[in-house]
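Undergrad: only geometry, no sequence info:
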């Protein structure tokens, strides 16, 4: 085999963008004992009843009215805080640039 042969259909490593953020992010648990999980790929939040093993709702972040900064996730988190309320919520959920996720 030639030393300068290429692998067909593989492309260069530098052509691929590598994700540094997880595809799913746990946002917290509300007072109704439902877990909220951010799906970054689809830009939605899943509200899950872990005990029943089912998804209760899916919230489209593109449809959320955003605040003046346009951060739909912060707006969603505030929406849950004002409505149902959070029982367990980590404040360490930040992306690489310091924005809330």
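TA: It's in. Nothing here was measured: the structure is a model prediction, and the numbers come from that model.

Undergrad: CA atoms for contacts and neighbours, from now on please.
TA: Will do.

Undergrad: please, where are all the strands along the chain?
TA: For the chain, the strands defined by DSSP state E occupy 24-30, 35-39, 44-49, 54-60, 86-88.

Undergrad: buried residues, the helix or strand of the chain with the lowest mean pLDDT. List them.
TA: The helix or strand of the chain with the poorest confidence is helix 72-83; it has a mean of 88 (mean pLDDT, DSSP states H and E). For helix 72-83, the buried set under the neighbour-count rule, 16 or more other Cα atoms under 10 Å, comprises 72-73, 75-77.

Undergrad: orientation of that helix relative to strand 24-30 in degrees?
TA: 10 degrees (axes from the mean of the first three to the mean of the last three Cα atoms, to 10 degrees).

Undergrad: how many residues are close by residue 59?
TA: Residue 59 has 15 neighbours, counted by other Cα atoms under 10 Å.

Undergrad: what is the burial count for the nearest residue to residue 61 once chain neighbours are set aside?
TA: Spatial nearest neighbour of residue 61, chain neighbours left out: residue 44 (5.3 Å); criterion: Cα to Cα, 6 or more residues apart in numbering. A count of nearby residues for residue 44, using other Cα under 10 Å, gives 20.
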